[in-house]
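1. sequence below, structure please.
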Amino acid sequence: MPNYWTLQITYGGTAKPLVEERKDLNCGTMEERAWIRQIRERLYTTGFEVQTAPGTWEFISPFRIHTALLIMQDRKYTP
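-> Down below sits the predicted model:
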């Protein structure tokens, strides 16, 4: 059974930061340590996107990211 992870990213202004969560992530066929390293590298070099409205995406620069936590889940949340 594969491990499932939640990526929790805190970003935005320091007075009221926002939190984005991506649940049920797994490494697939990739080795887990390499997968975690790849997430870190990609997040802090290219940033990520957030859907702010249907059809509207906002690019979040790596400079706006405060923290990124990768938390191991006890189970998969979505079927």
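
2. surely Asp69 and Leu7 touch.
-> I think there's a mix-up here, since residue 69 is Leu and not Asp. Yes: using C-beta atoms under 8 Å, Leu69 makes contact with Leu7 at a distance of 7.5 Å. C-betas here are computed from N, CA, C, even on glycine.

3. all strands for this protein, in order.
-> 5-11, 18-25, 48-53, 56-60, 65-72 (DSSP state E).

4. for Arg33, which of these is the nearest?
-> For these, proximity to Arg33 was assessed by C-beta to C-beta; strand 65-72 is nearest, at 11.6 Å.

5. tell me where the model's unsure across the protein.
-> Within the chain, no stretch has pLDDT under 70.

6. one more pass at 90, please.
-> 1-2, 14, 77-79 (pLDDT under 90).

7. and the gap between Lys76 and Thr6?
-> 11 Å (C-beta to C-beta, to the nearest Å).

8. residues shared between the contacts of the two?
-> Listed as contacting both Lys76 and Thr6 by C-beta atoms under 8 Å, 6 or more residues apart in numbering are Asp24.

9. if we can go back for a sec, would you turn the strands of the chain into TSV with mean neighbour count?
-> TSV is the format used below for those (neighbours: other C-beta atoms under 10 Å):
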stretch	mean neighbour count
strand 5-11	18
strand 18-25	13
strand 48-53	12
strand 56-60	11
strand 65-72	13
